[in-house]
Structures are given as C-alpha cells and as structure tokens.
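Undergrad: How does the following fold in three dimensions:
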Amino acid sequence: MRIIQIKRKTIIEKRYSVKMGELITKVTYVKKCLFGLPIKTLHKYRGTYYGEVKDCNDCKLFV
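TA: Numbers count the residues shown, from 1 in each chain. Got it, this is the predicted structure:
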C-alpha cells in the first residue's frame, strides 16, 4: 500500500456562471491522499459541452 497517492473523483454539481447562468456540470477533483484519507485538493476542473477543460474559478457553486 502506498503512503501518499493522488485520487480523482468526478461529481455532478450545479454551478453558476455570470455569462451562462445556472449550469449542471461534471466537476473533477484531484486530491492528495495519505493512507487513503484526503488531505488537500490540488486541482478542480470541469468539462464543457464542446469538450474543453476549464478551471472552476470562473464559476461559483450554486446553492
């Protein structure tokens, strides 16, 4: 078993963008794990309808 590993997990979330309004998208989280427990989120990104990959900083989480 590895001590430190990198895991990816994809979750469907509601996001809000100023230009597009509310959108439902798949958000992928890249996390660093120690003994299988998540320590830190390294990166999170989302895929667009056209297949582009964008950072999640340009849209807010919709509650």
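
Undergrad: Moving C-terminal from the helix or strand containing K9, which element do we reach first?
TA: Using DSSP states H and E, K9 sits in strand 4-17. Downstream of strand 4-17, the next assigned helix or strand under DSSP H and E is strand 21-34.

Undergrad: contacting residues around that next one?
TA: For strand 21-34, contacts defined as Cβ atoms under 8 Å, 6 or more residues apart in numbering pick out 3-17, 38-48, 56, 59, 62. C-beta here means a position set from N, CA and C on the backbone, and glycine is covered the same way.

Undergrad: again, only this time at 6 Å
TA: 4-5, 7-16, 38-47, 62 (Cβ atoms under 6 Å, 6 or more residues apart in numbering).

Undergrad: Narrow those residues to just the buried residues.
TA: E13, R15, K44, R46 (16 or more other Cβ atoms under 10 Å).

Undergrad: Mind telling me the two of those farthest from one another?
TA: Comparing every pair within those by Cβ to Cβ identifies R15 and K44 as the most remote, at 11.0 Å.

Undergrad: Tell me the bridge partners for the closest residue to I39 other than its chain neighbours.
TA: Counting by Cβ to Cβ, 6 or more residues apart in numbering, I39 lies nearest to K32, which is 5.2 Å off, once chain neighbours are set aside. Per DSSP bridges, the residues bridged to K32 are I6, K40.

Undergrad: how far out from the middle of the chain is the strand holding K9?
TA: 3 Å (Cα atoms, centre = their mean, to the nearest Å).

Undergrad: and what of stretch 43-50?
TA: The answer for stretch 43-50 is 8 Å, by Cα atoms, centre = their mean.

Undergrad: which residues sit against it?
TA: T25, K26, V27, T28, Y29, V30, V53, K54, D55, C56.
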